[in-house]
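>>> What follows is a predicted protein model with its sequence.
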Protein chains: 2
Amino acid sequence: MVEAKPGKKSDRVTIREVAEDAGVSVAAVSKVLREAYGVSESLRNKVRASMDKLNYRPLASARGMRGQTYTLGLILPDIRNPFFADILAGVNSALERTQYQLMMGTSHSHGPAEEAMIEAMIDRQMDGIILIGTTKYVDRLGHLARQKPLVAIGHHAKSNTDFDTVNNDDQLGARLVVKHLLANGFRNIAMLSLATTTSTILAERELGYRREMIEQGVGENINIVRSPQTLREVQIAARRLLGGPDRPEALFCWTDFIALEVISVATELGLSIPGDLAIVGYDNTMYCDFAQNALTSVDQSGELLGLQSARLLIERVRGRGEAEHFVVTPRVVARNSSKRRAV
Amino acid sequence: MVEAKPGKKSDRVTIREVAEDAGVSVAAVSKVLREAYGVSESLRNKVRASMDKLNYRPLASARGMRGQTYTLGLILPDIRNPFFADILAGVNSALERTQYQLMMGTSHSHGPAEEAMIEAMIDRQMDGIILIGTTKYVDRLGHLARQKPLVAIGHHAKSNTDFDTVNNDDQLGARLVVKHLLANGFRNIAMLSLATTTSTILAERELGYRREMIEQGVGENINIVRSPQTLREVQIAARRLLGGPDRPEALFCWTDFIALEVISVATELGLSIPGDLAIVGYDNTMYCDFAQNALTSVDQSGELLGLQSARLLIERVRGRGEAEHFVVTPRVVARNSSKRRAV
DNA sequence: CTGAAAGCGCTTACAG
DNA sequence: CTGAAAGCGCTTACAG
């Protein structure tokens, strides 16, 4: 009488049982599983039939002990930013017909969690990692990439050869915003950026803003305010900027999420948008379309970025060695928040 | 001359190297790692020193072959819903000082992805799984829970003995909304619910709405509209409901996310809130506080739910057998969107 | 308290 | 084309 152990995986079908059922060797089953070369049609069919019949599913960790786990990791810096949902949609659609599964982790901005998350994913044998909006870990990214396929979204490193990058042209995006606002009659344009010393995309956006302001002859109005991401800090920064006497005519915010908070502060201060203040965001997330926001924003095709990053990562996992750097061209999507004022 | 293989993990320190360095057996190192009984102070110290010195990190998949992977899975139905960020914050804080790492997966509403995600997590040896807002898979949940520790958030199953549940009292939440709206002078209250046949939390909220409407003597105004989650479908449903001649005075939406879309539609229709229409959401997410939304909502303490679910899951992983069902009491957070109209 | 050996479920050379 | 055997890095009884 065989008593099932109270253990949790007692009912799991193994490759050995499939092999027995199909009357072949364990190695043969493994080959069919990996779609490896040198398996006859008939053997493959027998094995497939047994796998289906027994409802076999390979154990990823066991596979990972020698080969791949068929698991890709995605690290998000902040799950609250709705832009990441767009990226994720793209990643998911790229993975749809593949064997790969996506596992996500978040790195809280406070603490050393980003590094910890990367290590956790390496320890869990992810075949490759997609990193979004790298910040602190930047310097060690090359070292990491040499031991694990890596794609960075939202981190400019064109000259790097160890990992791929996927970006929109952030400098251009910021330039387009300045152009758009000037075209609509706003000349005193400030920028609300992120307090960071390591984000290359913010550096690019600030650079684009500066350059375009200067080239358009409104360089004397350049004003970059930097704030951390927390709700409280953004509100404080926005109140200070908008409550004072030298309030700008327009404010370019580095991401929609923050722009929505600015709209809130402006509304509370009794400012009308765009009458008293024009606001532009970045990422063109779904909230921009809501009538109560009607937020002009820069579309950087988040879904495409996600799609492309997953494709590149799989290529890397399969052996590609040279780095690729994918860049998409952004465009301004104009809405009410930056409309030309009635004269 | 030993040449490092081009393989990716050549630099990984193993338990064997730690054992050699410390001058003990591999089994001893394993025991220290697991903080198992029967290890002398001095042996432990030696091993710990070697682990630090060599910068040893255990490979989760190897551990999982016999024991635990120290990885917990969290399955989200829709990453766009900001409520899940609150839950996640709670889960993360519960895991902070533990050995466990969280890996998240999303199940797209379209397709059989929810089931696929659960299987993917089982195949990846998660020690336990937190499931948010279960829908289709409900009937097989018991079977699943018998092979893997499981906690469900947002799924009522008090009589179930195989897994834990973590919820707010959804029926009460809906009742409180009706009470609040009536107290503010709104009598013709409709409800915008989710098109689902399996969600128990929606069933509870609908029940609470119905019962309270009847008990308060406005049963003749009961009107439940059900819509899928997609932006398009919600807009269509909202336009039909709000554009018609028999527009309700107030609309209770099943989640904030949907309520924000309704605010958008109402705004586009030229309706003022709450002048022409009061709106109430559920979950009290951060967007409610934005002045342009000022959305009254039901707070179900998402962070607490997340915290509690992680704690319960770890207890289960450690062997607890009986089911626990945690319920938190919701409360209405009143904002401008449901303010009493000026007479 | 400590360690040698078997084994978890796969993949990978290597023979045949 | 097919399979027997070794091995991935851990944990788990089991001896000592």
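Cool, the structure landed. Note that the structure is predicted; figures quoted are calculated from it, not measured.
>>> Report how many residues lie close to A:Ala323.
The burial metric for A:Ala323, expressed as a neighbour count using other Cβ atoms under 10 Å in any protein chain shown, is 19. All C-beta spots, glycine's among them, are computed from the backbone N, C-alpha and C.
>>> Phi and psi next, for the residue nearest to it when sequence neighbours are not counted.
Nearest residue to A:Ala323, sequence neighbours excluded (Cβ to Cβ, 6 or more residues apart in numbering or on different chains): A:Thr161, at 4.8 Å. Note on A:Thr161: its backbone torsions stand at phi -120, psi 0 [degrees, to the nearest 10].
>>> Show the end-to-end separation of stretch A:50-70, please.
Criterion Cα to Cα, to the nearest Å; first-to-last residue distance in stretch A:50-70 is 22 Å.
>>> That stretch near DNA strand C at all?
Yes. Using Cβ under 7 Å from any atom of the strand, a contact is recorded between stretch A:50-70 and DNA strand C, made by A:Tyr56, A:Pro58, A:Leu59, A:Ala62, A:Arg63, A:Met65, A:Arg66, A:Gly67.
>>> Quick one, which of those are buried?
Neighbour-count burial (16 or more other Cβ atoms under 10 Å in any protein chain shown) is assigned, among these, to A:Tyr56, A:Pro58, A:Leu59, A:Ala62, A:Arg63.
>>> so the fourth one touches B:Thr69, yeah?
No. In this structure A:Ala62 lies outside contact range of B:Thr69 using Cβ atoms under 8 Å: 11.8 Å.
>>> hang on, the earlier thing: would you check which of the residues of stretch A:50-70 next to DNA strand C are in contact with DNA strand D?
On the criterion Cβ under 7 Å from any atom of the strand, A:Met65, A:Arg66 are the entries of those that sit beside DNA strand D.
>>> Strands - which of the residues of stretch A:50-70 next to DNA strand C land there?
For the residues of stretch A:50-70 next to DNA strand C, not one is inside strands, with DSSP state E as the criterion.
>>> got the residues of the stretch 101-250 of chain A near DNA strand D?
For the stretch 101-250 of chain A, the contact set with DNA strand D under Cβ under 7 Å from any atom of the strand is empty.
>>> Which residue ranges of the stretch 101-250 of chain A form strands?
Shown for the stretch 101-250 of chain A, the strands assigned by DSSP state E, counting those that start in this stretch span residues A:101-106, A:128-132, A:150-153, A:164-168, A:189-194, A:224-227, A:250-253.
>>> Point out the other helices and strands that the last one packs with.
What that stands for is strand A:250-253. If you count contacts as 3 or more Cβ pairs under 8 Å, 6 or more residues apart in numbering or on different chains; DSSP states H and E, strand A:250-253 packs onto helix A:170-183, strand A:189-194, helix A:256-268, strand A:278-282.
>>> if we can go back for a sec, overlap in contacts, A:Ala62 and B:Thr69.
Taking Cβ atoms under 8 Å, 6 or more residues apart in numbering or on different chains as the contact rule, A:Ala62 and B:Thr69 both touch B:Ser61.
>>> before we move on, back to that, out of the strands of the stretch 101-250 of chain A, which comes closest to B:Ser42?
Shortest distance between B:Ser42 and the strands of the stretch 101-250 of chain A, using Cβ to Cβ, is found for strand A:101-106: 36.9 Å.
>>> hmm, who's touching that closest one?
A:60, A:70-79, A:88, A:91-92, A:95, A:113, A:117, A:120-121, A:124, A:126, B:88, B:92, B:101-106, B:120, B:124.
>>> in chain A, what secondary structure element scores lowest on mean pLDDT?
Ranked by mean pLDDT, DSSP states H and E, the helix or strand of chain A with the weakest confidence is helix A:141-145, at a mean of 84.
>>> any bit of it sitting next to chain B?
No. Judged by Cβ under 8 Å from any Cβ of the partner chain, helix A:141-145 makes no contact with chain B; its nearest approach is 10.0 Å.
>>> Summarise which helices and strands that helix is packed against.
In terms of contacts (3+ Cβ pairs under 8 Å, 6+ apart), helix A:141-145 is packed against strand A:150-153.
>>> And the strand it packs on, what does it pack against?
strand A:128-132, helix A:141-145, strand A:164-168, helix A:302-317.
>>> partners of it, with directions?
For strand A:150-153, the pairing partners within the sheet under DSSP bridges are strand A:128-132 (parallel), strand A:164-168 (parallel).
>>> hang on, the earlier thing: between the residues of stretch A:50-70 next to DNA strand C, which is closest to A:Leu33?
For the residues of stretch A:50-70 next to DNA strand C, the closest approach to A:Leu33 (Cβ to Cβ) belongs to A:Pro58, at 5.9 Å.
>>> separation between the closest one and DNA strand D?
Note on A:Pro58: its distance to DNA strand D, by Cβ to the nearest atom of the strand, to the nearest Å, is 13 Å.
>>> ok, that residue touching A:Leu33?
Yes. In terms of Cβ under 8 Å, A:Pro58 counts as a neighbour of A:Leu33; the distance is 5.9 Å.
>>> For these two, list the residues in contact with both.
Between them, A:Pro58 and A:Leu33 share these contacting residues under Cβ under 8 Å, 6+ apart: A:Ile15.
>>> Just give the number of residues close to the residue of the stretch 201-343 of chain A found nearest DNA strand D.
Taking Cβ to the nearest atom of the strand as the measure, the point where the stretch 201-343 of chain A comes nearest DNA strand D is A:Val317, at 18.5 Å. Taking other Cβ under 10 Å as the criterion, the count of residues near A:Val317 is 18.
>>> Which pLDDT value goes with it?
pLDDT, A:Val317: 91.
>>> check contacts around it.
Taking Cβ under 8 Å, 6+ apart as the definition of contact, the neighbours of A:Val317 are A:Gln68, A:Leu72, A:Asp127, A:Gly128, A:Pro149.
>>> tally of neighbours for the nearest residue to A:Ile273 once chain neighbours are set aside?
The spatially closest residue to A:Ile273, leaving aside those adjacent along the chain, is A:Ser337, at 5.4 Å (Cβ to Cβ, 6+ apart). As a burial measure, A:Ser337 scores 24 neighbours (other Cβ under 10 Å).
>>> Please apply the same query to A:Gln216.
The number of residues packed around A:Gln216, counting by other Cβ under 10 Å, is 16.
>>> just A:Glu215 next, same as before
Using other Cβ under 10 Å, A:Glu215 is surrounded by 12 other residues.
>>> if I look at the residue nearest the centre of chain A, how far off is chain B?
What sits nearest the mean C-alpha location of chain A, by Cα atoms, centre = their mean, is A:Ile132, with 4.1 Å. If you measure A:Ile132 against chain B using Cβ to the nearest Cβ, to the nearest Å, the figure is 13 Å.
>>> Ok, A:Gly302 next?
In this structure, A:Gly302 and chain B are 12 Å apart, going by Cβ to the nearest Cβ.
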